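Peer 1: pasting a predicted model and its sequence here:
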Amino acid sequence: MNKKYDYLIVGAGLYGSIFAYEAAKKGKKCLVIDKRTHKGGNVYCEENKGINIHKYGAHIFHTNDKEIWDYVNQFAEFNNYTNSPVSISKGKLYNLPFNMNTFNQLWGVITPKEAKSIINEQIEKYGVKKPKNLEEQALSLIGKDVYETLIKEYTEKQWGRKATELPAFIIKRLPVRYTYDNNYFKDRYQGIPIGGYNVIIEALLKDIEVKLNVDFFKEREKFEQLATKIVFTGKIDEYFNYEFGELEYRSLRFEHEELEEDNYQGNAVVNYNDLDYKFTRIIEHKHFEFGTQKNTIITREYPENWNREKEAYYPVNDEANSALYKKYKKLSESKNNVIFGGRLAEYKYYDMHQVIAASLKRVKKEFL
């Protein structure tokens, strides 16, 4: 049977869009479908009064890989935004990542020697040799003050569990700097595409057929007949009809608000550590592109338990879920006509540069 398309790409996010773009360059006919009403997946930006709203949470591009940087710069010009979030705990403001500014705000210390002395003393007092949970791990890496002020409650909100119930490997390491440096990522290349991420997605999909507001699973049989191969970027357990049970995810809820003031919080990202606040952070979008608009738009980000009616944002990579994913991974390897890629299909946390690298790697393998 002759297929209408070479590739059906399920999901118009970064992974699927890049695969479609590269496949089309090889002369392949592609159809991209997405159940949302827009392209771009989680990097989609919604323009409102000149402000590009990161609809699904803050996305700051960063990489040390010059090839990846050069690749994205084909499609958009980037500004020089540097991610320097601040964090509110018990009414006080702290710089992130943990650096000499943070330690000065906590203890009034000025020199790295003073900061190291306090941290090492607390690690000696509260740390353990073989941490069994996230709390023990954090205490063993950074000591009590930083943990209780800037990690504990934020993490418990983010994951919906007590820190003592979370696996230690979630924080294998913590970024600690004994310099006065608030640059969160430290990567050589960093910025926001001018005009938002839609500029990149539109360029990638410019010559590709795209159908939106289409649910693959509602018309699965029809779509599977359309193409020789499928590139699937959704939840791998859903693809296999939850044959071995549900993988666990964390979801998010975003509350957007327009304010009649030009500058609400003075920074693009402000974390709210305390459990008294149900949200984990407030994003003020105009600061990503150094906006000077009269009004501003903020987004409060609320972590939530996932169910099948909600979007899945973060895989919960604990031992039980990792073991379950291995079963789905093994099953996926028997599907010669399906490529599973991206955060949900690979049940793996990816930053944007990692998604791009993974997609390009798969393209290279596909068209050797």
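Peer 2: Here it is on my side, so go on.
Peer 1: for the rest of this, base every contact and every neighbour count on C-alpha atoms.
Peer 2: Noted.
Peer 1: what residue ranges in this structure score low on pLDDT?
Peer 2: Within the chain, the ranges that satisfy pLDDT under 70 run 1.
Peer 1: would you mark the buried spots in stretch 266-280?
Peer 2: Asn267, Ala268, Val269, Val270, Asn271, Tyr272, Asn273, Asp274, Lys278, Phe279, Thr280 (16 or more other CA atoms under 10 Å).
Peer 1: quick one: the second one from Gly41, how far?
Peer 2: When distance is defined by CA to CA, to the nearest Å, Ala268 is 21 Å away from Gly41.
Peer 1: got it, and the last one?
Peer 2: Distance of Thr280 to Gly41, computed by CA to CA: 22 Å.
Peer 1: which pair of the buried residues of stretch 266-280 spans the longest distance?
Peer 2: Asn267 and Lys278 (20.0 Å; CA to CA).
Peer 1: before we move on, the earlier item: from the buried residues of stretch 266-280, which ones fall inside helices?
Peer 2: Counting by DSSP state H, none of the members of the buried residues of stretch 266-280 fall within helices.
Peer 1: of those, closest to Glu124?
Peer 2: For the buried residues of stretch 266-280, the nearest to Glu124 is Asn273 (25.2 Å; CA to CA).
Peer 1: for the closest one, phi and psi?
Peer 2: phi -70, psi -40 (degrees, to the nearest 10).
Peer 1: can you give me the strands in the stretch 201-350 of the chain?
Peer 2: 209-212, 227-232, 249-259, 269-272, 281-284, 296-305, 314-315, 338-340 (DSSP state E, counting those that start in this stretch).
Peer 1: adding distance to Asn198, write those strands out as a markdown table.
Peer 2: Listed next are the strands of the stretch 201-350 of the chain as a markdown table, based on distance: least, CA to CA, whole Å:
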| stretch | distance to Asn198 |
| --- | --- |
| strand 209-212 | 14 |
| strand 227-232 | 21 |
| strand 249-259 | 19 |
| strand 269-272 | 21 |
| strand 281-284 | 18 |
| strand 296-305 | 18 |
| strand 314-315 | 22 |
| strand 338-340 | 24 |
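Peer 1: looking at these, which one is packed in the most?
Peer 2: Stretch with highest mean neighbour count among the strands of the stretch 201-350 of the chain: strand 281-284 (a mean of 24; mean count of other CA atoms under 10 Å).
Peer 1: what does stretch 162-179 contact?
Peer 2: The contact list for stretch 162-179 (CA atoms under 8 Å, 6 or more residues apart in numbering) reads 97-101, 112, 115, 131-138, 141-142, 152, 155-156, 318.
Peer 1: same question, stretch 326-346
Peer 2: Residues from elsewhere that reach stretch 326-346 (CA under 8 Å, 6+ apart): 15, 228-237, 240, 244, 312-313, 315, 348-350, 355, 358-359.
Peer 1: at 7 Å instead, please
Peer 2: 15, 228-237, 349-350, 355 (CA atoms under 7 Å, 6 or more residues apart in numbering).
Peer 1: can you list those in a markdown table and add distance to Gly91?
Peer 2: A markdown table is the format used below for the contacts of stretch 326-346 (distance: CA to CA, whole Å):
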| residue | distance to Gly91 |
| --- | --- |
| Tyr15 | 40 |
| Thr228 | 58 |
| Lys229 | 54 |
| Ile230 | 51 |
| Val231 | 47 |
| Phe232 | 45 |
| Thr233 | 41 |
| Gly234 | 40 |
| Lys235 | 39 |
| Ile236 | 42 |
| Asp237 | 42 |
| Tyr349 | 31 |
| Tyr350 | 32 |
| Val355 | 37 |
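Peer 1: farthest-separated two in those?
Peer 2: Thr228 and Tyr349 (28.7 Å).
Peer 1: measure Lys211 to Leu31 for me?
Peer 2: Distance of Lys211 to Leu31, given as CA to CA: 8 Å.
Peer 1: next: Glu255.
Peer 2: Taken as CA to CA, the span from Glu255 to Leu31 is 33 Å.
Peer 1: now do Val43
Peer 2: To Leu31, Val43 is 20 Å away according to CA to CA.
Peer 1: what does Ile68 give?
Peer 2: Taking CA to CA, one finds Ile68 at 25 Å from Leu31.
Peer 1: more neighbours: which of those two?
Peer 2: Taking other CA atoms under 10 Å, Ile68 and Leu31 do not tie; Leu31 has more neighbours (20 against 17).
Peer 1: would you agree that one falls within a strand?
Peer 2: Yes. Counting by DSSP: H, G, I helix; E, B strand; the rest coil, Leu31 is part of a strand.
Peer 1: residue contacts, it?
Peer 2: For Leu31, the contact set (CA under 7 Å, 6+ apart) comprises Tyr5, Tyr7, Leu8, Ile9, Ile208, Glu209, Val210.
Peer 1: what do you get if the cut-off is 10 Å, keeping everything else the same?
Peer 2: 4-10, 20, 208-211, 223, 226-227, 230 (CA atoms under 10 Å, 6 or more residues apart in numbering).
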